[in-house]
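# predicted structure and sequence below. I'll ask about it afterward.
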Amino acid sequence: MADRYLCMDLSRVRDVKQGAAGEGPVVYWMSRDQRCIDNHALAFAQQEAVRMRRPLVVAFSLSPSFLGATLRQYGFMLRGLKEVERDLSVLDIPFHLLPGGPTALIHFLREQRPALVVEDFDPLRIKKEWKDLVRTSTTFPHREVDTHNIVPCWVASPKQEWAARTLRPKLAGLIEKYLHDLPQVIRHPYPAKEAPGWDVSSTLRSLDIDRTVKEVQVGPGRKAGEKTLQTFIDHRLEHYPEDRNDPLRYGQSGLSPYLHFGCISPQRVALEVHRSGSSKAAKEAFLEELIVRRELSDNFCFYNQDHDRYEGLPEWSRRTLEKHAQDPREPLYSFKELEAGETEDDLWNAMQKEMVSQGRMHGYLRMYWAKKVLEWSPTPRTAVEWLIKLNDKYELDGRDPNGYVGILWSVGGLHDRPWKERNIFGTVRYMSRAGLGRRFDVETYARRNLKAYE
DNA sequence: ATCGGCTCGCGCAA
DNA sequence: TGCGCGAAGCCGAT
């Protein structure tokens, strides 16, 4: 048994509270995207459970905003849950939806003494009071796991980084150390009993799901994620550097929703890309996005409490945006008009409608999409708020650190530098439709998408 | 087609 | 204390 886990690296786990070992459970804090069969986090938890000869109970929390999740997002989440239960024989509990609240969880831990409980380590400001309550009212050890990416957040950097260029050199020496093969998770030999009075399926059914937002063609699940990765490596990776910013060519990986919901782990993606026969340049370009940029987003959300609002912006950009607060906004749209994709800009409308219909938007276009909303909304603060609302509601990968950072980059120059001053934007980088036109055929894109998603 | 200026502050060298 | 430099750009000059 032990051999299987030799490559486990203990720095991916850290104690957040020392406790009496042996008797009670060990509590792990872990997030939704790490509940992935092919992921260090679950493997690590199982290793400990097997050693203790105990069942494995995974309790995860859903962010308050997920309670307003849409049918398409719910579908992805549920599939991941079922896979972990079925393939690993693990009891999977969305604990903070359970009747009785945190008290019920604490009671369960004391009574049932599962080998360990895996809760939501979240770089976000989610259910912190729950974690604190469980932590302070129990005596057993609590640990926190980070396998969101390749290098754990706290190892990569001890503070919020200024930009990619300050984080990149710190990662450079660490990636090789962490980019080793994944330990295998097996069917768990000590099956868990369902906790009495806890009916997981009825709890899930009670979720307030927005059923007006329809499901999409992109299918959830581990197999779908693996297939997407394989197709990308076989057909698109080699041309990634040239094609990634051309929405008409679809040069991107399409993995974002799978990574977000833990259908596939970034470690697996990085390994397969690394081992592929593609050129060095193509691999480097992709791994820069997958590892460095994702790590930078995680770093921001991990260290900044205001990661999903205007206050999270750097001081220089808030200063310049406020200086231009009185600049006239013309036209000025309401949230409803934006949501419906009814603006004067057919290119923008086409992006918006694709997102609403398909739950996706091309990475390059997301910047333009967000910057236009800054131009068209009453204040920068409102722009951030509206963009996050739209992103979280419609994108399959909503509520992701990458989404928050992308929006703040666009509206407020997070991780960016200042540029020539102009109206509304101040010194925040501006993007124009003409600029996009220099890179791809915007007319064709707008026409095609408006027709497809009208 | 290509180029420089725009503008801020981090991090490192000295 | 000085200096180089930075995710995706824009604009005007040459």
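Noted; the coordinates are in hand.

# show me where the stretch 51-200 of chain A has helices.
Counting by DSSP state H, counting those that start in this stretch, the stretch 51-200 of chain A has helices at residues A:71-88, A:101-112, A:128-136, A:153-156, A:164-178, A:200-205.

# who does the fifth one touch, helix- and strand-wise?
Just to be clear, that refers to helix A:164-178. With contacts taken as 3 or more Cβ pairs under 8 Å, 6 or more residues apart in numbering; DSSP states H and E, helix A:164-178 sits against helix A:153-156, helix A:294-303. Just so you know, the C-beta spots here come from the backbone N, C-alpha and C atoms, and that holds for glycine as well.

# now those helices in CSV, with distance to DNA strand B?
Converted to CSV, those look like this (distance: least, Cβ to the nearest atom of the strand, whole Å):
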stretch, distance to DNA strand B
helix A:153-156, 13
helix A:294-303, 11
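
# got the domain ranges for chain A?
For chain A, the structural domains run A:2-147, A:149-182+A:222-305, A:310-452, going by automatic domain parsing.

# out of those domains, which gets nearest to DNA strand C?
Checking the domains of chain A against DNA strand C by Cβ to the nearest atom of the strand gives domain A:310-452 as the closest, at 2.3 Å.

# ends of that closest one, how far apart?
Distance between the two ends of domain A:310-452: 34 Å, counting by Cα to Cα, to the nearest Å.

# could you see whether DNA strand B lies near it?
Yes. Using Cβ under 7 Å from any atom of the strand as the criterion, contacts between domain A:310-452 and DNA strand B involve A:Pro314, A:Glu315, A:Trp316, A:Thr320, A:Arg417, A:Pro418, A:Trp419, A:Lys420, A:Glu421, A:Thr427.

# among these, which are located in helices?
A:Glu315, A:Trp316, A:Thr320 (DSSP state H).

# just to revisit the earlier point, packed most tightly, which of the helices and strands packed on helix A:164-178 would that be?
Ranked by mean neighbour count under mean count of other Cβ atoms under 10 Å, those are led by helix A:294-303, which reaches a mean of 24.

# filter the ones in helices among the residues of domain A:310-452 next to DNA strand B down to the buried ones, ChimeraX style.
If you want just the buried ones from these in ChimeraX, going by 16 or more other Cβ atoms under 10 Å, the selection is:
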select /A:320
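
# nearest to A:Pro220, of the helices of the stretch 51-200 of chain A?
Taking Cβ to Cβ, helix A:71-88 is the member of the helices of the stretch 51-200 of chain A nearest to A:Pro220, at 4.0 Å.

# in the closest one, what counts as buried?
A:Arg72, A:Gln73, A:Tyr74, A:Gly75, A:Phe76, A:Met77, A:Arg79, A:Gly80, A:Leu81, A:Glu83, A:Val84, A:Leu88.

# over to stretch A:391-406?
A:391-406.

# circling back to that earlier point, so which pair among the residues of domain A:310-452 next to DNA strand B is furthest apart in space?
A:Glu315 and A:Lys420 (19.6 Å).

# quick check: which of the domains of chain A is nearest to A:Ala192?
Here domain A:2-147 is closest among these (Cβ to Cβ), at 3.5 Å.

# quick one: average pLDDT of that closest one?
Confidence for domain A:2-147, expressed as mean pLDDT, is 72.

# OK, contacts around A:Tyr250?
Taking Cβ atoms under 8 Å, 6 or more residues apart in numbering as the contact definition, A:Tyr250 lies against A:Arg236, A:Asp243.

# helix, strand, or coil at it?
What DSSP: H, G, I helix; E, B strand; the rest coil gives for A:Tyr250 is coil.

# any idea how far it is from A:His40?
Counting by Cβ to Cβ, to the nearest Å, the gap from A:Tyr250 to A:His40 is 31 Å.

# and if you look at A:Pro191?
23 Å.

# and the pLDDT for the nearest residue to A:Leu174 once chain neighbours are set aside?
Leaving aside its sequence neighbours, A:Leu174 sits nearest to A:Val151 (Cβ to Cβ, 6 or more residues apart in numbering; 4.6 Å). At A:Val151 the predicted local confidence, pLDDT, stands at 94.

# check A:Asp308 too.
pLDDT at A:Asp308 comes out at 91.

# these two touch, right, it and A:Tyr404?
Yes. Between A:Asp308 and A:Tyr404 there is a contact at 4.9 Å, judged by Cβ atoms under 8 Å.

# overlap in contacts, these two.
A:Ile388.

# where does the closest residue to A:Asp87 other than its chain neighbours land in three-state SS?
The shortest distance from A:Asp87 to any non-neighbouring residue, by Cβ to Cβ, 6+ apart, is to A:Ile37 (6.0 Å). Classification of A:Ile37 by three-state DSSP places it in coil.

# A:Ile37: what's it in contact with?
Contacts of A:Ile37 by Cβ under 8 Å, 6+ apart are A:Glu83, A:Val84, A:Asp87, A:Leu88, A:Val185, A:Arg222.

# ok, how many other residues are close to A:His107?
Residues near A:His107, counting by other Cβ atoms under 10 Å, number 12.

# once you drop chain neighbours, what's closest to it?
Leaving aside its sequence neighbours, A:His107 sits nearest to A:Gly100 (Cβ to Cβ, 6+ apart; 7.4 Å).

# between the domains of chain A, which gets nearest to A:Thr212?
Nearest of the domains of chain A to A:Thr212, taken as Cβ to Cβ: domain A:2-147 at 8.0 Å.

# the residue lying closest to A:Asp243 once chain neighbours are set aside - how many residues pack around it?
With Cβ to Cβ, 6+ apart as the measure, A:Gly251 is the residue that lies nearest to A:Asp243, at 2.5 Å, once sequence neighbours are left out. A:Gly251: 21 surrounding residues under other Cβ under 10 Å.

# and if you look at A:Met30?
31.

# what does A:Ser256 give?
The burial count for A:Ser256: 19, using other Cβ under 10 Å.
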